[in-house]
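*Asks:* with the sequence up front, the predicted model follows.
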Number of protein chains: 2
Amino acid sequence: MRVEIWSDIACPWCYVGKARFEKALAAFPHRDGVEVVHRSFELDPNRAKGDIEPVLTLLSKKYGMSEAQAQAGEHNLREQAAAEGLAYRAEGRDHGSTFDMHRLLHFAKEQGRQSELLQILYRANFAEERSVYADADARLVELAVEAGLDADAARKVLGDPDAYAAEVRADEREAAELGANGVPFFVLDRKYGVSGAQPAEVFAQALTQAWGERPPLKLIQAEDAEACGPDGCAVPQR
Amino acid sequence: MRVEIWSDIACPWCYVGKARFEKALAAFPHRDGVEVVHRSFELDPNRAKGDIEPVLTLLSKKYGMSEAQAQAGEHNLREQAAAEGLAYRAEGRDHGSTFDMHRLLHFAKEQGRQSELLQILYRANFAEERSVYADADARLVELAVEAGLDADAARKVLGDPDAYAAEVRADEREAAELGANGVPFFVLDRKYGVSGAQPAEVFAQALTQAWGERPPLKLIQAEDAEACGPDGCAVPQR
């Protein structure tokens, strides 16, 4: 079974929801048969690289609230994160474009390092005093190396704005086609969707349901064709 | 859409069937939305590492035919391969265990180099004068490097018989669960199966059918959960 998770590094509920999903997955009896894939989604796709803003300023503008009210929201998020065992900096975070991070995550996928890099990006953005937006190229190379990627290769990806851009856009198009207009958005075997940072129990139920309902394979009707089995390689008589 | 292909390096119809499938895929309008994954299948799982036998001897024993008759079968295969633009050595090939190659293919998958390595293994075994069985560890490291893998890392995988062994066994168990008792066996989105080296037209039809019938996503019934969208991050009122 394959679970695809559309999310954005800038999305606190993606950070929290990922931990809730992973809790359910860790307890799922068939977890070894589940493959997890990250898919790209930008909450703020029109923001230019280098256009950085404090999260509290952004929130107060967006919701027409005071910075103190925005701050209270962030403190609430810190509590929700703590309940999942995650550190969360409620103060001093900034916000910016995540496009380059998604490009880098696609490169990391090719290198078998996607889940490592995703976790490191979340941690740097939400838990640590390491901005993923300010002096981004150098910071992202540093984080890529922590994920086991080659520094020069990561630098090359970041330096070429076209590298893996089509892959990011394709993920975003697919999200729209699947009806996801917010993240995190979880898709199980392209059959079931789960929207939002649901409690672990909901993910557990979704995993069980999708696993149990995997349909029997339909064989495409066609003449027997050449194949090899334990008894040898056969050429059918037509 | 995802296409999983169960196959074995020792299986000539897998080599030919892969080319037929790839011909259909190259002409498929949604080919950029198709991911191809190799799955392990051993035709001769009980053969010990280092137990090598000429293919013609094996065929004549297995089918109770003369070596000349076996040779004629190989010449027929060479013609079928040539029709797909593939070179095929009808004489002098040997046969042995492919377990280590499947382990290495799982390592290559993690490194984003699986399809490269698979093609190189097929070519060495079927088209070139390079045995993948004799002096196997050195030969497989040589081929791994051609696929873009690190020599030391490949050597380490080959030197540890447990490395990726569980992944190979899991693929083989899944093949049995899906009803595949011969290879190549193609599975589209875990919904449709295609058995054998079918003509490219059959693969074209299967791709079109599976693509067209992708079901709309069912949302798992659950309360709205915290999510972020273009308009911000929302906490539902419960």
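*Replies:* Sure thing, it's come through.
*Asks:* hmm, A:I120 and A:E146 touching each other?
*Replies:* Yes: using Cβ atoms under 8 Å, A:E146 is in contact with A:I120, at 5.3 Å. Yep, even glycine has a C-beta here, placed from its N, CA and C like the rest.
*Asks:* can you pull the contacts of A:G179?
*Replies:* Contact analysis of A:G179 by Cβ atoms under 8 Å, 6 or more residues apart in numbering or on different chains lists A:193, B:217.
*Asks:* what's the end-to-end length of stretch A:52-67?
*Replies:* 17 Å (Cα to Cα, to the nearest Å).
*Asks:* remind me what the helix or strand bottoming out on mean pLDDT in chain A packs against, helices and strands.
*Replies:* Least confident element among the helices and strands of chain A, by mean pLDDT, DSSP states H and E: strand A:232-234 (a mean of 78). When contacts are defined as 3 or more Cβ pairs under 8 Å, 6 or more residues apart in numbering or on different chains; DSSP states H and E, strand A:232-234 sits against strand A:227-229, helix B:55-63.
*Asks:* can you pull out the strands in chain A?
*Replies:* Here chain A has its strands, by DSSP state E, at A:2-7, A:35-40, A:53-54, A:94-95, A:185-188, A:192-195, A:218-219, A:227-229, A:232-234.
*Asks:* the fourth one: how far from the chain's middle?
*Replies:* In terms of Cα atoms, centre = their mean, to the nearest Å, the gap separating the centre of strand A:94-95 from the centre of its chain is 18 Å.
*Asks:* name the residue in A:E146 and A:I120 with the higher neighbour count.
*Replies:* For A:E146 versus A:I120, the count of surrounding residues by other Cβ atoms under 10 Å in any protein chain shown is larger for A:I120: 22 against 15.
*Asks:* coming back round to it: parallel or antiparallel, list what pairs with the least confident helix or strand of chain A.
*Replies:* Applying DSSP bridges to the sheet, strand A:232-234 is found paired with strand A:227-229 (antiparallel).
*Asks:* distance from the strand it pairs with to the middle of the chain?
*Replies:* From the chain centre to the centre of strand A:227-229 is a distance of 39 Å (Cα atoms, centre = their mean).
*Asks:* please apply the same query to stretch A:196-213.
*Replies:* The mean C-alpha position of stretch A:196-213 is separated from the chain mean by 17 Å, Cα atoms, centre = their mean.
*Asks:* what about that stretch, near chain B?
*Replies:* Yes: using Cβ under 8 Å from any Cβ of the partner chain, stretch A:196-213 reaches chain B at A:196-199, A:202, A:205-206, A:209.
*Asks:* could you work out the most separated pair of these?
*Replies:* The most widely separated members of the residues of stretch A:196-213 next to chain B, counting by Cβ to Cβ, are A:A197 and A:Q209 (18.9 Å).
*Asks:* thought A:H102 was touching A:V168?
*Replies:* Yes: if you go by Cβ under 8 Å, A:H102 and A:V168 touch, sitting 4.5 Å apart.
*Asks:* that older thread, the strands of chain A into a markdown table, with extra columns for mean neighbour count and distance to A:R155?
*Replies:* Formatted as a markdown table, these follow (neighbours: other Cβ atoms under 10 Å in any protein chain shown; distance: least, Cβ to Cβ, whole Å):
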| stretch | mean neighbour count | distance to A:R155 |
| --- | --- | --- |
| strand A:2-7 | 22 | 25 |
| strand A:35-40 | 19 | 20 |
| strand A:53-54 | 15 | 26 |
| strand A:94-95 | 19 | 22 |
| strand A:185-188 | 25 | 31 |
| strand A:192-195 | 22 | 36 |
| strand A:218-219 | 12 | 47 |
| strand A:227-229 | 21 | 46 |
| strand A:232-234 | 17 | 48 |
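*Asks:* where is the longest helix in chain A?
*Replies:* helix A:67-83 (DSSP state H).
*Asks:* which other residues reach that helix?
*Replies:* In this structure, residues lying in contact with helix A:67-83 by Cβ under 8 Å, 6+ apart are A:12, A:15-16, A:19, A:55-57, A:59-60, A:63, A:87-91, A:93, A:126, B:226, B:235.
*Asks:* ok, A:A197 and A:Q209, which is more surrounded?
*Replies:* More crowded of A:A197 and A:Q209, by other Cβ under 10 Å: A:A197, with 30 against 14.
*Asks:* compute the distance between the more buried one and B:A170, please.
*Replies:* Separation of A:A197 from B:A170 (Cβ to Cβ, to the nearest Å): 30 Å.
*Asks:* again, but for A:R103
*Replies:* Taking Cβ to Cβ, one finds A:R103 at 32 Å from B:A170.
*Asks:* ditto for A:A108
*Replies:* Separation of A:A108 from B:A170 (Cβ to Cβ) stands at 24 Å.
*Asks:* more neighbours, these two?
*Replies:* Taking neighbours as other Cβ under 10 Å, A:A108 and B:A170 compare with A:A108 leading, 27 against 15.
*Asks:* do you know how far A:V157 is from A:A151?
*Replies:* For A:V157, the distance to A:A151 - Cβ to Cβ - is 11 Å.
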